[in-house]
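**Student:** Pasting a predicted model and its sequence here:
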Amino acid sequence: MNINIICIGKLKEKYWQAAVAEYTKRIGGYARIQIVELKESKLPKNASPADESQVMEKEGETILSKIGESDYVIAMEVEGKMLDSVELSRHLTKTFDSGRSTVDFIIGGSLGYALKTAISQGAKRGLFSNEAGMGSTPHAHALANVKNPHEQGTVAMIGVFIDTFVVLTMTALVVISTLYAGNGPLAHGAVDGISKTNMAQLAFSSVFGETLGNAFVAICLLFFAFSTIVGWNLFGRINVNYLFGKKANLPYSIIALVFIFLGSCLSNDLVWELTDMFNNLMVIPNVIALFALTKMVVGSAESKIAQ
């Protein structure tokens with residue numbers, strides 16, 4: 001059995017080198033391990049997206065040149081499925097039993113998937129938190145009883161600021177300062193048992209204690225989930241009434257309840273993927289409408305200023 005660890009960049013810290021040597025020694029009695037450290041491409045200052053794409057493509061070609069045609073490849077990707085030691089052992093055993101003799105673990109460069117994943121995840125979760133540009137919150141703001149629509153528009157913009165720049169930033173700072181900084185459990189890389197689903201609970205538990213920290217996050221999630229279900233149910237009902245009339249309220253409510261139940265039964269990753277997909281489907285027509293109405297908005301603003 002052969003295990004190749006193909007990575008972009010080299011370990012510089014001595015304690016990491018010592019850890020790699022120790023585990024290589026432990027596994028050496030069961031399989032032949034080879035660590036292939038490839039040179040990391042350097043970016044010029046003020047690199048453009050084209051420069052970054054070129055570097056990623058070059059590093060990808062370098063990695064592919066080290067992979068055999070019959071090798072079984074496992075990409076160490078941030079969003080990939082997390083396996084504990086037992087699951088990984090079973091996976092490798094099944095792979096070797098199938099007739100393959102070599103497994104390649106691929107670790108990309110710091111510029112590649114890590115950067116793309118961070119940007120992608122930030123955009124997805126930011127969109128989910130404030131719904132800016134989706135065209136969903138106008139349903140709620142349209143129900144407000146105000147003298148001037150401009151006042152409610154200001155409230156809508158403040159809501160985006162509070163959601164994203166205040167609440168999300170505070171949560172991120174708590175997670176980073178407790179789990180990633182100093183001697184935090186994630187300061188030196190991923191750890192079994194800690195994932196994006198329980199990260200916030202562990203962060204608050206490390207400060208307030210396990211009981212209070214878990215209870216605090218659970219209560220926050222309860223209110224968040226309940227208000228989200230009620231709010232989106234209202235938005236959907238308004239649209240259904242407009243398209244099909246009030247007679248469609250009962251079928252819509254039944255369908256909504258079915259999807260709420262299914263959402264609680266499906267895996268967490270699948271629910272997030274479906275949510276991101278439907279959010280994107282809402283953004284596309286709304287962005288087209290925003291561009292189409294640009295002249296009307298500008299004309300209305302100019303007339304308002306002239307008054």
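**Tutor:** Ah, there it is. Numbers count the residues shown, from 1 in each chain.
**Student:** and Asn183, how many neighbours?
**Tutor:** A count of nearby residues for Asn183, using other CB atoms under 10 Å, gives 6. Yep, even glycine has a C-beta here, placed from its N, CA and C like the rest.
**Student:** Check the gap between it and Ser177 for me.
**Tutor:** Asn183 sits 12 Å away from Ser177, going by CB to CB, to the nearest Å.
**Student:** next one: Glu69
**Tutor:** Using CB to CB, Glu69 is found at 47 Å from Ser177.
**Student:** same check, this time on Met157
**Tutor:** Met157 is 29 Å from Ser177, by CB to CB.
**Student:** of the two, who's got more company?
**Tutor:** Ser177 (14 against 10).
**Student:** Just to be sure, the more buried one is in a helix?
**Tutor:** Yes. Assigned with DSSP: H, G, I helix; E, B strand; the rest coil, Ser177 falls within a helix.
**Student:** pLDDT value on it, please?
**Tutor:** Predicted confidence (pLDDT) for Ser177: 86.
**Student:** how close does it get to Arg100?
**Tutor:** Ser177 sits 43 Å away from Arg100, going by CB to CB.
**Student:** With Ile63 instead?
**Tutor:** Distance from Ile63 to Arg100, by CB to CB: 19 Å.
**Student:** which parts of the helix or strand where Ser264 lies are buried?
**Tutor:** Counting by DSSP states H and E, the element that carries Ser264 is helix 249-265. For helix 249-265, burial by neighbour count (16 or more other CB atoms under 10 Å) applies to Tyr252, Ala256.
**Student:** try stretch 77-88
**Tutor:** By 16+ other CB under 10 Å, stretch 77-88 has no buried positions at all.
**Student:** Quick one: end-to-end distance for it.
**Tutor:** Using CA to CA, to the nearest Å, the end-to-end distance of stretch 77-88 comes out at 15 Å.
**Student:** Check stretch 152-172 too.
**Tutor:** Start-to-end span of stretch 152-172 (CA to CA) is 29 Å.
**Student:** Now do the buried residues in that stretch.
**Tutor:** Buried residues in stretch 152-172, counting neighbours by 16+ other CB under 10 Å, are found at Gln152, Ala156, Gly159, Val160, Asp163, Thr164, Leu168, Thr171.
**Student:** In contact with the last one, which residues?
**Tutor:** Listed by CB atoms under 8 Å, 6 or more residues apart in numbering, the contact set of Thr171 reads Ala200.
**Student:** In which helix or strand does it reside?
**Tutor:** For Thr171, the host element (DSSP H and E) is helix 169-175.
**Student:** Domains of this structure: list them as residue ranges, please.
**Tutor:** Under the assignment automatic domain parsing, the domains of the chain span 2-111, 114-306.
**Student:** could you pull out the strands for the stretch 1-150 of the chain?
**Tutor:** Using DSSP state E, counting those that start in this stretch, the strands assigned to the stretch 1-150 of the chain run over residues 2-8, 32-38, 72-75, 102-107.
**Student:** Sheet-wise, list the partners of the shortest one with their directions.
**Tutor:** Same thing as strand 72-75. For strand 72-75, the pairing partners within the sheet under DSSP bridges are strand 102-107 (parallel).
**Student:** quick check: angle from the strand it pairs with to strand 32-38?
**Tutor:** Angle of strand 102-107 versus strand 32-38, following axes from the mean of the first three to the mean of the last three CA atoms, to 10 degrees, is 30 degrees.
**Student:** pLDDT of strand 102-107, averaged?
**Tutor:** Across strand 102-107, the average pLDDT comes to 85.
**Student:** Can you list the neighbours in contact with that strand?
**Tutor:** 1-8, 63, 66-68, 70-76, 92, 95-96.
**Student:** the longest helix in the chain is where?
**Tutor:** The longest helix of the chain (DSSP state H) is helix 210-244.
**Student:** just to revisit the earlier point, is there a quick PyMOL command that grabs whichever of the contacts of strand 102-107 are buried?
**Tutor:** Entered in PyMOL, the line below selects the buried ones among those, by 16+ other CB under 10 Å:
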select buried, resi 3+4+5+6+7+8+63+67+71+72+74+92+95+96
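**Student:** for the stretch 51-200 of the chain, which spans come out with low pLDDT?
**Tutor:** Residues of the stretch 51-200 of the chain meeting the criterion pLDDT under 70: 78-79, 110-130, 132-133, 187-193, 196.
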